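Peer 1: only the shape, not the letters, is given here:
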C-alpha cells in the first residue's frame, strides 16, 4: 500500500502502477503521442488578418477584417433597386418644390396687385392687424399648396370680406391631370380651374350686433346700411348651368340677356326693376374690361343649400365675386380685372343707397320666400304629427299589454277575438267608402 501511495505522488516507485496489466493494453495506441502544445495560426489565415489597429476608434490588437471594409465586400450591382427608385424620388421632390413655389409666386402676385385697393377700402387687411402699407408678410395665408386666403375688415356697410384663391395642384401632377380627365368625361365633375372667390358680408343694419363697440352715438350717426333682400347676378353663360345646379339661391332667378352687356354675359334676376337699379354704366364698363375672366357677380340673401329648417331662412345678405385667374404670375396681369374687383368692394354702398324697391316690384320676391317658409313649416308639422302618432301608438300598446297581463287565458282569448272583429269591421268600412 505504501508503494502505491509513493507511485501516485511521484515517488521512486511511480512507474509501478497497481492497475492491472490488462488495462494498459487499452491505452497502447496513445503511448507515442507527442506532448500537447499551443495551437498555431497557419500562414494562410495570418495573411487575411491584419494585426494593425482598427480605425475609427477601434481597440488596438483587434484583427481588422474585410467585413468592416464595405467598399471591398459590395459592388454597384448590389444597389440596382435603389438606383431605379432614387431618380423617381428626386423627381417627385423637385416637382413638388416647383409646384408649391409657382403657386406661392402666383398668390403673391395677386396680393401685390390687390393689396393697395384693399388697404384703401379697409382698415385691416390680412391676419396681422393694423400694419404699414408696405408690410405684406401677413396679408395672405397658405391653407394648402393650392389654396390661399386673405381677410379684410373695418369699413362702412361691410362686416368683413373673405378672399380665397384656388390654384392648380402643380405640386401633384398625377392628381391634377386625373381631375382634368374626369372633368372632361363626366359633366357632374368640374374640371379644375384657377379662380378667385371673394365674398363681402354686409352689415344690413346689424352693426350693433356684429360689432358691439359701434353701439351708442356712433351707430346713430352712421348711415343706414339696410337694403331689400333679393337674388341678382351677372354670370358668364358657360357658368349658368353649373351655378343653377349647385346653388339654391341662383335657382330662384330667371335668366334674361341684356343688350348693355357683352354677348357672353347674362343677367339672372328675380325682378326687372332690380336689374335696372344695379346695372350701372360703371359696372358695365368693369365687366367689359374683365372680359371672359368673369365667372359670376352675385348679390344674394338666400343660402347656398336649400333650407331645411326655419332658422336657415333668415336672410344673410352678401356679395360674391368669382374670377378666373390669368396664367401669368405678374401683378400687371390683373390690370383688366382690378376695376371690377374695386367695384365689388364698393357695391355695398350702392345697395345701401339704392336697393330699396317698390312693394309691387318685391311682391314676387317675398312670395317666393314665404312659399319656401310654408313648405318648411308643413314638413315640420308633418314630422311633429308623426312623432305624436308614434308616441300615442306606443302608449296604447303599453296599456294593452298591461291589460292583457292581468287577464286569465280565457279572458285574453275573448279580448283578442273582440279586437280582431273590430279591426275587420274597420277594414270593411274603408273598402266600402273607397268603392
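Peer 2: Yes, it's here. Computed from a predicted structure; not experimentally measured.

Peer 1: next SSE downstream of the helix ranked longest in the chain?
Peer 2: Longest helix in the chain by number of residues, with DSSP state H as the criterion: helix 359-405. Downstream of helix 359-405, the next assigned helix or strand under DSSP states H and E is helix 409-434.

Peer 1: next, the buried residues of that next one.
Peer 2: By neighbour count with 16 or more other Cβ atoms under 10 Å, helix 409-434 contains no buried residues. C-beta here means a position set from N, CA and C on the backbone, and glycine is covered the same way.

Peer 1: which helices and strands does it pack with?
Peer 2: helix 359-405 (3 or more Cβ pairs under 8 Å, 6 or more residues apart in numbering; DSSP states H and E).

Peer 1: residues in a beta bridge with the residue positioned nearest the centre of the chain, which ones?
Peer 2: Residue closest to the mean C-alpha point of the chain, counted by Cα atoms, centre = their mean, is residue 144 at 8.9 Å. Listed beta-bridge partners, residue 144: residue 147 (assigned using DSSP bridges).

Peer 1: gap between it and residue 103?
Peer 2: Distance of residue 144 to residue 103, computed by Cβ to Cβ, to the nearest Å: 9 Å.

Peer 1: over to residue 269?
Peer 2: 36 Å.

Peer 1: go on, residue 289?
Peer 2: Going from residue 289 to residue 103 by Cβ to Cβ gives 26 Å.

Peer 1: the more surrounded of those two?
Peer 2: Between residue 289 and residue 103, counted using other Cβ atoms under 10 Å, the more crowded position is residue 103 (24 against 15).

Peer 1: can you name the helix or strand that that one falls in?
Peer 2: Element membership of residue 103, judged by DSSP H and E, is helix 80-121.

Peer 1: right, and the helix or strand after that helix?
Peer 2: Defined by DSSP H and E, the subsequent element after helix 80-121 is strand 124-125.

Peer 1: so which elements touch that next one?
Peer 2: helix 80-121, strand 147-155.

Peer 1: pLDDT on the last one, on average?
Peer 2: The pLDDT scores in strand 147-155 average 94.

Peer 1: how about stretch 342-352?
Peer 2: 95.

Peer 1: domain assignment for the chain?
Peer 2: Per automatic domain parsing, the structural domains of the chain span 103-363, 366-434.

Peer 1: any idea which of those gets closest to residue 83?
Peer 2: domain 103-363 (22.9 Å; Cβ to Cβ).

Peer 1: what lies in contact with stretch 336-355?
Peer 2: With contacts defined as Cβ atoms under 8 Å, 6 or more residues apart in numbering, stretch 336-355 is touched by 113-114, 117-118, 121, 156-158, 161, 198, 200, 202-203, 223-228, 230, 274, 277-278, 280, 282-283, 285-287, 289-291, 293-294, 297, 299, 317, 319, 321, 323.
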